[in-house]
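In: Sequence and computational prediction follow.
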Amino acid sequence: MAALKLSLLVLLLLSVVVLSSSVVWGKQDPELKQCQHQCRQQRGFDEEQKSQCERRCEDYIREKKERERRERESERGGGGGGGEEESYYGTKEREEGERVTERGPYVFEEEHFETRVRTEEGRVHILRKFTEKSKLLKGIENFRVGFLEANPNAFVAPVHFDADTVFFVASGKPTVTLHREDKKDTFNLEYGDILNIPAGTPVYMVNRDEREKLFIIKLINPVFLPGHFEPFYGPGGENPETFYKAFSWEVLSAAFKRDRDEIERLFRQQKRGSIVKASRQQVQEVSRHAEGGRGGGGTIWPFGGDTGGPFNLFRNRRPTHSNRFGSLFEADASEYKQLEDLNLMISFANITKGAMTAPIYNSRATKISIVVDGEGFFEMACPHVSSEQGGGGRSSRHSFQRVTGRLRRGVVFVVPAGHPLTAIASGNTNLQILCFEVNAKGNVKYPLAGRKNIVNDMENVAKELSFSVPAREVDRIFRSQNEEFFFPGPTQQEQGGHRAYI
């Protein structure tokens, strides 16, 4: 019988022609959906076998897409070989001598995620360890990134993690309940809310929005095994499996003062997964326990950070930088005290379509960046990529590689400390990027262009010695841009003398 089931599973996987992987954000790939639907309809499969079947569908799709991607890169020279560089806006010829790496070790797309939870009502995607892709990311190897997606009126089962977790609400309206020591706090969260959940804190939530899906971006910092964390489901049953079942029935009977049969019946009821549908009445019942209005628990901005409540990145706050080309919102430990122990800063850039950020670098902080919405691309200067990819020893002449990559919803990219970077929005839509800035204490941002760039502060003699031209020639270049932080992008500039990106 087991061999027959295995044969059916293999035939099922081979019968599905997979064209592309499911996306992390947005609609599920129809071929994957059909494959997993067939898994769920297989007679004779128990819940565990169905789950294994669905995971095999997903793994097969991911591996196939990765093979196709490598084949495409091989056909065009591996993305760094020569001839032409395929940019986000099309194809442009490379200038002689340019050193360009597409994506490199710093960009993570859908094939780099694994699905930890998938039900009819939602899913959880977790980015693999950064160091699985490159040793250059060893400095952030203990951090993980996750996406939680849940349908309207969906309930996410109680769980705790052996990791500190920071939530950012990208869409939907979650009501989140935390059990901390001897008290329970419930918060009605909305778009832009940040919530810190310390390791070991039991948490559950419901999406009280009846129309919009819930998307939560999570930065996860494991506290036991570096770079590795586990969910511990308590109240529940067999799917997800409750950790109570790891104890012997004799111990549970003594702990609860109830008969074994009664305890077994309780823990065998839940088989629908960790994200399930709730009725409108059930949603209202969970949500009504939230105190203090929008903030919940009596923690209205800006006082939420001192009491462990949420903090909204946008509500009643002025952006750090803003003009018609974009806006930047930031929060650090001085505004949200919960970030202090994590040595973390959170920022959100909304770049107007066709615009760009100033080339800039962080002195100490490494940015883990997630594209929340929109499309575009980035360019970054990196001294490490050539030596890691090309083999051989380091050249006696110090050189930089331009790392570039396409940005779209769900893409994660890393900007190491000291690495200059600019992000450019497409001409069709704004580009929204959320950044978790790790090692933020004492960090300084250094703009390389714009009204307050670092060259403008140099003495004239220093400019002349650095550039080997008169200082007025340096000023003619570096004082031309009067905007700060957000500028017109390459396609918005005067075309004379500029290389277009379209």
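Out: Thanks, I have the structure now. Numbering: from 1, shown residues only.

In: Touching, Cys53 and Cys39? I think so.
Out: Yes - at 3.6 Å, Cys53 counts as touching Cys39 under the criterion of CB atoms under 8 Å. Where C-beta positions appear, they are placed from N, C-alpha and C, glycine not excepted.

In: least trustworthy helix or strand in the chain by mean pLDDT?
Out: One helix or strand of the chain scores below all others by mean pLDDT, DSSP states H and E: strand 84-87, with a mean of 38.

In: mind listing the helices in the stretch 201-350 of the chain by residue range?
Out: 249-256, 260-267, 280-287, 304-307 (DSSP state H, counting those that start in this stretch).

In: Sketch out the low-pLDDT regions of the stretch 151-300 of the chain for me.
Out: Within the stretch 151-300 of the chain, the stretches with pLDDT under 70 are 291-300.

In: who touches the residue nearest the centre of the chain in this structure?
Out: Centroid check for the chain by CA atoms, centre = their mean gives Ile370 as the closest residue, at 4.4 Å. The contact partners of Ile370, by CB atoms under 8 Å, 6 or more residues apart in numbering, come to 145, 217, 410-412, 433-436.

In: Same question for Phe348.
Out: With CB under 8 Å, 6+ apart, Phe348 has these contacts: 192, 313-314, 328-330, 372, 432-435.

In: Specify which member of those residues is nearest to Thr422.
Out: Ile433 (11.8 Å; CB to CB).

In: from the middle of its chain, how far away would the particular helix or strand that has that closest one in it be?
Out: Here Ile433 sits within strand 431-438, counting by DSSP states H and E. How far strand 431-438 lies from its chain's middle: 9 Å, per CA atoms, centre = their mean, to the nearest Å.

In: got the contact list for that strand?
Out: Residues contacting strand 431-438 (CB under 8 Å, 6+ apart): 140, 143, 166, 168, 170, 217, 219, 343-351, 353, 362, 365-376, 407, 423-425, 443.

In: thinking again about what came up before, counting neighbours, which of the contacts of Phe348 comes out on top?
Out: Counting neighbours by other CB atoms under 10 Å, Ile433 leads the contacts of Phe348 with 25 neighbours.

In: For the residue nearest to that one when sequence neighbours are not counted, report the pLDDT, please.
Out: Nearest non-adjacent residue to Ile433, counting by CB to CB, 6 or more residues apart in numbering: Ala349, 4.9 Å away. In this model, Ala349 is scored at 97, pLDDT.

In: circling back: list the strands paired with the strand holding Ile433, with their directions.
Out: Strand 431-438 pairs in its sheet with strand 344-351 (antiparallel), strand 366-373 (antiparallel), by DSSP bridges.

In: what about stretch 161-169, distance to the chain center?
Out: 12 Å.

In: Can I get it as CSV, trimmed to CA atoms?
Out: Output in CSV follows, covering the C-alpha atoms of stretch 161-169 (Å, rounded to 0.1, in the frame of the first residue of the first chain):
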residue,chain,number,x,y,z
PHE,A,161,9.3,31.3,18.5
ASP,A,162,12.8,30.9,19.8
ALA,A,163,13.5,34.3,18.2
ASP,A,164,12.8,38.0,18.6
THR,A,165,10.5,39.2,15.9
VAL,A,166,9.7,42.6,14.5
PHE,A,167,6.4,42.9,12.6
PHE,A,168,5.6,45.6,9.9
VAL,A,169,2.1,45.7,8.7
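
In: Counting neighbours, what do you get for Ser322?
Out: 15.

In: now do Phe247
Out: By other CB under 10 Å, neighbour count at Phe247 equals 12.

In: Excluding residues flanking it in the chain, which one is nearest it?
Out: In space, Phe247 is closest to Ala255, 7.7 Å off (CB to CB, 6+ apart).

In: What's the local residue count around the one you found?
Out: 11.

In: swap in Arg472?
Out: For Arg472, using other CB under 10 Å, the count is 11.

In: got a pLDDT number for it?
Out: According to the model, Arg472 scores 94 on pLDDT.

In: check which helix or strand covers it.
Out: Going by DSSP H and E, Arg472 is in helix 471-478.

In: Could you report the distance from Val124 to Leu214?
Out: Distance of Val124 to Leu214, computed by CB to CB, to the nearest Å: 12 Å.

In: anything in contact with each of the two?
Out: 148-149.

In: Between those two, tell me which one has more neighbours.
Out: Taking neighbours as other CB under 10 Å, Val124 and Leu214 compare with Leu214 leading, 26 against 22.

In: Once you drop chain neighbours, what's closest to Pro105?
Out: Using CB to CB, 6+ apart, the closest residue to Pro105 is Ser134 (3.2 Å).

In: same check, this time on Ile217
Out: Phe168 (4.6 Å).

In: what sits against that neighbour?
Out: 192-194, 216-218, 313, 346, 434.

In: In the stretch 201-350 of the chain, mark out all the strands, start to finish.
Out: 203-207, 214-222, 231-233, 275-277, 311-312, 321-323, 326-331, 344-351 (DSSP state E, counting those that start in this stretch).

In: Next, format the ones you listed as TSV and append distance to Thr119.
Out: Listed next are these as TSV, based on distance: least, CB to CB, whole Å:
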stretch	distance to Thr119
strand 203-207	13
strand 214-222	13
strand 231-233	13
strand 275-277	5
strand 311-312	29
strand 321-323	41
strand 326-331	32
strand 344-351	29
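
In: returning to that earlier point: among the helices of the stretch 201-350 of the chain, show me which one is buried the most.
Out: helix 304-307 (a mean of 18; mean count of other CB atoms under 10 Å).

In: could you give the mean pLDDT of that one?
Out: Rounded mean pLDDT across helix 304-307 is 46.

In: list the contacts for Lys445?
Out: Lys445 neighbours (CB under 8 Å, 6+ apart): 360-363.

In: What pLDDT is listed against it?
Out: pLDDT, Lys445: 95.

In: hang on, the earlier thing: quick one, which of the contacts of strand 431-438 are buried?
Out: For the contacts of strand 431-438, a burial check counting by 16 or more other CB atoms under 10 Å picks out 140, 143, 166, 168, 170, 217, 219, 343-351, 353, 362, 365-376, 407, 423-425, 443.

In: right, and the helices of the stretch 201-350 of the chain - which one's nearest Ser322?
Out: So among those, helix 304-307 is nearest, using CB to CB, at 22.9 Å.

In: just so I know, which of the strands of the stretch 201-350 of the chain lies nearest Cys35?
Out: strand 275-277 (19.9 Å).

In: Now do the same contact list for the spatially closest residue to Arg408 that is not a sequence neighbour.
Out: With CB to CB, 6+ apart as the criterion, Arg408 has its nearest non-adjacent residue at 4.9 Å, and that residue is Glu375. By CB under 8 Å, 6+ apart, the contact list for Glu375 reads 88, 406-409, 425-426, 428-429, 431.

In: Mind checking what helix or strand follows the helix holding Arg472 in sequence?
Out: strand 486-488.

In: any idea how far the nearest residue to Lys173 once chain neighbours are set aside lies from Ala170?
Out: Using CB to CB, 6+ apart and skipping residues adjacent in sequence, the residue nearest Lys173 is Asp209, 4.1 Å away. As for Asp209, its distance to Ala170 is 12 Å (criterion: CB to CB).
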